[in-house]
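Peer 1: A structural model of the following input is requested.
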Amino acid sequence: MREFCTKWWKRIATTDMLFIAILTLIASFIGSWLKQFPGFSLFGALIIALLIGMVIQFPIRSFYVGSNDDRKAGVKDAAGLISNKLLRLGIILLGFKLNLEVLFTQGIKCLPIAAVIVTLVIVVTYAIARALKVNPMLAILTAGGTGICGAAAVMGLSGSITVSEEEEEEKADDEVMAVATVAIMGTVFALIEIALFPLFGLTPAQQGVAAGATLHEIAHAVAVGGAFGEEALNMATIMKLSRVLMLVFAAIIIAIWWDRKHSTVKHEGKRKVAFPYFMLGFIAASVLGTYVPFLTAISANLVDIAYIVLGMAMAALGINVNFKAIAQKGAKAVLASFIASVLLMFFGVGIAVLFF
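Peer 2: Model (predicted):
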């Protein structure tokens, strides 16, 4: 333990860490600023931060790293540490976005429906992806992002999956590919639903439920719900947050499943699963933000901080992305998510008509 702490401290006590931390913070702020504008709002702050990170890796290599191998390793370690640690902190703080009182009252009908949707979509998307020869890590991250809540779900599920040190780089590439896939699909289907839903003869409440049940990012559901009025917006938000709550259960179940089926990490003695304890923090934040008055009053501010922290993690992930690896294996993951998203859209509309 002492050796680990010493190694960790040496890593963060470097100019490389400070440099990358400042860059990712700037990228996160830019993402939060740009999301308020039309067009950018469909992508959301996290996706924008990821894209910025992917772009700035080139000037970092040219003007900061150069031919210095030590600096190259320092940048890689710094970005990796930021994406790993701040991911968990951001997910915990994101719990303040979940108002459990609203979910367990107004959204009581949405919760079991969300559980069914998330389960089916993850299973179906994973099966389609594996049938298309997508590797298990990318398949499950894409399935989770499609079924739960986009980029935040990809990062949350990734944080619950333990891999060997040799597999960390490939896992990071899969994270970026999964995030990019659900961002593209979410944006495409948000536009499709805005165009098609009025043709289906749905009420505003049904339009909101269908949007919240089918779209990938919270930003997508809010954008589509808002396009159909206040009632649709409220139902889209409640339905979408019901799916977000399922991230906790999905992360735990997938962590156990991955450890038993795909993990290559060697265990000494009795086998132990890497339980995603940060998800308990997510639930604790939800409880505190709902029932502790002074925290309820500032929950919106804490959620803003969550997105800044997650934006830094996403930008750091972008800095380390391997474009060649993504180009080689990304198309099949996109196809799997597209097929699943088509099925999900019609399933969501059917649920909205039957139960609302």
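Peer 1: how about the helix or strand containing E193, which residues are buried there?
Peer 2: Here E193 sits within helix 168-196, counting by DSSP states H and E. By neighbour count on 16 or more other Cβ atoms under 10 Å, the buried set for helix 168-196 is 170-190, 193-194. Bear in mind the C-beta positions are built from the backbone N, C-alpha and C, glycine included.
Peer 1: so which elements touch it?
Peer 2: Taking 3 or more Cβ pairs under 8 Å, 6 or more residues apart in numbering; DSSP states H and E as contact, the helices and strands that helix 168-196 lies on are helix 40-59, helix 69-94, helix 136-144, helix 150-160, helix 204-214, helix 218-227, helix 299-319, helix 323-355.
Peer 1: could I have the fifth one exported to CSV, CA atoms only?
Peer 2: The C-alpha trace of helix 204-214 is given here as CSV (Å, rounded to 0.1, in the frame of the first residue of the first chain):
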residue,chain,number,x,y,z
PRO,A,204,-47.4,15.3,-25.1
ALA,A,205,-47.0,13.0,-22.1
GLN,A,206,-46.4,10.0,-24.4
GLN,A,207,-43.9,11.9,-26.5
GLY,A,208,-42.0,12.8,-23.4
VAL,A,209,-42.0,9.2,-22.1
ALA,A,210,-40.9,7.8,-25.4
ALA,A,211,-38.0,10.3,-25.6
GLY,A,212,-36.9,9.6,-22.1
ALA,A,213,-37.2,5.8,-22.6
THR,A,214,-35.2,5.7,-25.9
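Peer 1: got a list of contacts for it?
Peer 2: The contact list for helix 204-214, computed with Cβ atoms under 8 Å, 6 or more residues apart in numbering, reads 110, 113-114, 117, 189, 193, 197, 202, 220-221, 224-225, 228-229, 231-243, 341, 344-345, 347-349, 351-353, 355-356.
Peer 1: among these, which ones are buried?
Peer 2: Buried among the contacts of helix 204-214 (16+ other Cβ under 10 Å): 110, 113-114, 117, 189, 193, 197, 202, 220-221, 224-225, 228, 232-243, 341, 344-345, 347-349, 351-352, 356.
Peer 1: okay, and for the stretch 1-150 of the chain, where does confidence drop off?
Peer 2: Scanning the stretch 1-150 of the chain for pLDDT under 70 picks out 1-13.
Peer 1: and for the stretch 251-356 of the chain?
Peer 2: In the stretch 251-356 of the chain (pLDDT under 70), the answer is 263-276, 325-326.
Peer 1: so K35 sits against I218, correct?
Peer 2: No: between K35 and I218 there is no contact under Cβ atoms under 8 Å: 11.3 Å.
Peer 1: intersection of neighbour lists for the two?
Peer 2: Common contacts of K35 and I218 (Cβ under 8 Å, 6+ apart): G44.
Peer 1: so between these two, which is more surrounded?
Peer 2: Each of K35 and I218 has its neighbours counted (other Cβ atoms under 10 Å); I218 has more, 24 against 21.
Peer 1: for the residue with the shortest distance to the centre of the chain, which non-adjacent residue is spatially closest?
Peer 2: By Cα atoms, centre = their mean, the chain has its centre lying nearest to A152, at 1.9 Å. Leaving aside its sequence neighbours, A152 sits nearest to L94 (Cβ to Cβ, 6 or more residues apart in numbering; 6.4 Å).
Peer 1: burial measure for the one you found, as a count.
Peer 2: 26.
Peer 1: now distance to A285 too, for the helices and strands packed on helix 168-196, in a markdown table please.
Peer 2: Shown next, in a markdown table, are the helices and strands packed on helix 168-196 (distance: least, Cβ to Cβ, whole Å):
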| stretch | distance to A285 |
| --- | --- |
| helix 40-59 | 18 |
| helix 69-94 | 6 |
| helix 136-144 | 20 |
| helix 150-160 | 13 |
| helix 204-214 | 21 |
| helix 218-227 | 16 |
| helix 299-319 | 8 |
| helix 323-355 | 28 |
